[in-house]
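Q: this is a predicted model, with the sequence first.
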Amino acid sequence: MPETNVQQLCETAKEKLKIAIPKLEQFLNENSLTQLAPEQDEESIRFSKGFLTDLRHLLVNSEVVYEKLGVVLRRANFDKEAAEKVLYNVYHDCVNSFFYPKNESYSEDGRYAYTGQDAIRFRKKPVRAARDIVLDVTKVYEDLRDELTYYESDYLTQRRMQKANA
């Protein structure tokens, strides 16, 4: 991939994460376990704990990668190899954290993707604020996934081939 395309992808990814990070941070700062599980039954508490854990991981991964993108873009001479590694991290650490949360409080149902309905399905019906934050940042992570699908597998394949030929 040409260096200018890689640099543009880095800038785009950074701008997209700049949208999602403050939304996630605000949600996590303003919502507590008792707000997310008002019934206080065991199932609701377990679901909400997992949900909060997943969002914290997503926020941390997004912030770390955002900083790495900033470093790559600020360098006097653009380092394509370092940038590609960071884009790989965006895909695997952020996009995958969003679409495959460890605690599986929600998941993407591809059958709804083309119907105009929300493709995100929650394991248990969440409170409105929890539903809204996930749906609010879904577009950001969908766009990142679409733009960085190359880095899902081709990046690693390319690196393996370079090492084999070296």
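A: Sure thing, it's come through.
Q: the chain: helices as residue ranges?
A: 3-30, 33-36, 42-74, 80-89, 96-99, 128-147, 150-165 (DSSP state H).
Q: can I get those in CSV including distance to Phe122 and mean neighbour count?
A: Where you see a C-beta, it was placed from the backbone N, CA and C, and this is true even at glycine. Below are the helices of the chain laid out as CSV (distance: least, C-beta to C-beta, whole Å; neighbours: other C-beta atoms under 10 Å):
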stretch, distance to Phe122, mean neighbour count
helix 3-30, 15, 16
helix 33-36, 12, 13
helix 42-74, 9, 18
helix 80-89, 27, 19
helix 96-99, 14, 20
helix 128-147, 7, 17
helix 150-165, 25, 12
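Q: least reliable of those helices going by mean pLDDT?
A: Across the helices of the chain, helix 150-165 has the smallest mean pLDDT, namely a mean of 63.
Q: that older thread, of the helices of the chain, which is nearest Ser105?
A: Of all the helices of the chain, helix 42-74 sits nearest to Ser105, with 4.1 Å by C-beta to C-beta.
Q: quick check: angle from the closest one to helix 80-89?
A: Angle of helix 42-74 versus helix 80-89, following axes from the mean of the first three to the mean of the last three C-alpha atoms, to 10 degrees, is 170 degrees.
Q: from the contact counts, what lies against helix 42-74?
A: Applying 3 or more C-beta pairs under 8 Å, 6 or more residues apart in numbering; DSSP states H and E, one finds that helix 42-74 contacts helix 3-30, helix 33-36, helix 80-89, helix 96-99, helix 128-147.
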